[in-house]
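K.L.:
Any chance you could fold what I've pasted below:
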Amino acid sequence: METRRHEGDIMRIRRTVTLAGVVLAIALGASGCAGSPEPAPTATVTVTATAAPATPTAEPTTDPAPDPDAYSAGDPGTWVISYAGIGPLDLDSTLGAIQSVMPTAVSTCRPGVDTYDVGGLGLTAVTGIDVTDPAAAITVVRLLPLDSWSATAAQPRTEKGIGLGSTVTELQAAYPELDSYVGMNKMTVYQIAADGRTVNFEDYGSGEIKAISVVVGTSVASEYCGA
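P.N.:
This next block holds a predicted model:
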């Protein structure tokens with residue numbers, strides 16, 4: 001009787017141990033499954049900045065200056081704008097002398113002021129407002145476009161290629177010594193000067209040269225025929 005009870009106790013102990021082992025195995029297995037998963041690898045994106053190509057700076061350009069050796073009084077494309085004047089319109093000359101060499105007829109808008117239309121180019125020679133002395137020296141010569149003028153037509157230019165239609169930027173690049181002042185029409189006039197004479201460039205606020213005057217003196221008037 002005691003032996004059977006003893007054997008029964010042994011069997012119960014074995015079942016308990018076996019059950020505990022199974023529970024432990026399940027617990028260990030569950031622990032392995034429920035553990036924190038390995039973090040997924042993170043993709044690294046490398047962005048390389050590419051410098052934008054530099055925008056080239058446009059260099060101011062001008063048309064070729066007239067060739068002094070090719071000068072012709074009948075061809076304004078060969079006339080040079082300088083401190084001496086504009087082609088045959090010479091500051092050291094007289095109105096009568098200019099009339100004899102100009103390729104078109106003169107129009108005298110008032111005493112002391114002669115004008116010419118040369119292929120749509122308006123040219124003015126001035127000895128003085130209402131000056132009647134035929135021996136009086138010319139003090140102003142002026143160039144501007146008339147309505148009939150074509151921008152592609154030959155025209156007088158400075159020795160650095162500046163003429164009607166040149167931009168102020170081109171003018172400034174050609175003449176670093178360029179000065180400016182406010183003219184009688186309240187607009188900026190650009191100017192180069194030497195020996196008591198000036199070459200005056202007017203753009204009337206447009207950014208392109210619209211009138212060029214060579215003057216004995218320091219400034220140009222806004223008007224001569226109607227002054």
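
K.L.:
drop to CA atoms for contacts and neighbour counts, all remaining ones
P.N.:
OK.

K.L.:
and residue 96, which of the three is it?
P.N.:
helix (DSSP: H, G, I helix; E, B strand; the rest coil).

K.L.:
burial count for it?
P.N.:
Residue 96 has 13 neighbours, counted by other Cα atoms under 10 Å.

K.L.:
The one 3 residues further on now?
P.N.:
By the other Cα under 10 Å criterion, the neighbourhood of residue 99 contains 19 residues.

K.L.:
From residue 133, how far out is the closest residue to it other than its chain neighbours?
P.N.:
Spatially, and ignoring its direct neighbours in sequence, residue 99 is nearest to residue 106 (6.5 Å; Cα to Cα, 6 or more residues apart in numbering). Distance of residue 106 to residue 133, computed by Cα to Cα, to the nearest Å: 17 Å.

K.L.:
and these two? which has more neighbours close in?
P.N.:
Between residue 106 and residue 133, residue 106 has the larger neighbour count (other Cα under 10 Å), namely 18 against 13.

K.L.:
need the contact list for residue 224.
P.N.:
113, 126, 129 (Cα atoms under 8 Å, 6 or more residues apart in numbering).

K.L.:
State the distance from the second one to residue 220.
P.N.:
The one in question is residue 126. Residue 126 is 11 Å from residue 220, by Cα to Cα.

K.L.:
In terms of packing, which of the two has more residues around it?
P.N.:
Neighbours per residue (other Cα under 10 Å) separate residue 126 from residue 220, with residue 126 holding more: 27 against 24.

K.L.:
residue contacts, the more buried one?
P.N.:
Per Cα under 8 Å, 6+ apart, neighbours of residue 126: 95, 112, 113, 114, 138, 139, 140, 141, 224.

K.L.:
Tell me the secondary structure at the spatially most central residue of the chain.
P.N.:
Residue closest to the average C-alpha location in the chain (Cα atoms, centre = their mean): residue 169, at 6.3 Å. Here residue 169 is recorded as helix under three-state DSSP.

K.L.:
And the pLDDT for it?
P.N.:
Predicted confidence (pLDDT) for residue 169: 98.

K.L.:
Same question for residue 209.
P.N.:
At residue 209, pLDDT is 98.

K.L.:
Same question for residue 63.
P.N.:
Residue 63 is given a pLDDT of 73.

K.L.:
since we're on it, how many residues are nearby?
P.N.:
Residue 63: 12 neighbours (other Cα under 10 Å).

K.L.:
Poorly predicted segments of this structure, please.
P.N.:
Applying pLDDT under 70 to the chain picks out residues 1-62, 226-227.

K.L.:
Would you map the strands across it?
P.N.:
Remark: strands assigned in the chain by DSSP state E are 80-82, 85-86, 89-90, 107-110, 113-118, 121-126, 140-145, 157-158, 179-182, 188-194, 197-202, 211-216.

K.L.:
Any chance of TSV for the ones you listed, columns distance to residue 74?
P.N.:
Shown next, in TSV, are the strands of the chain (distance: least, Cα to Cα, whole Å):
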stretch	distance to residue 74
strand 80-82	13
strand 85-86	13
strand 89-90	12
strand 107-110	17
strand 113-118	9
strand 121-126	13
strand 140-145	16
strand 157-158	15
strand 179-182	32
strand 188-194	27
strand 197-202	23
strand 211-216	20
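
K.L.:
of the ones you listed, which approaches residue 72 most closely?
P.N.:
strand 80-82 (10.6 Å; Cα to Cα).
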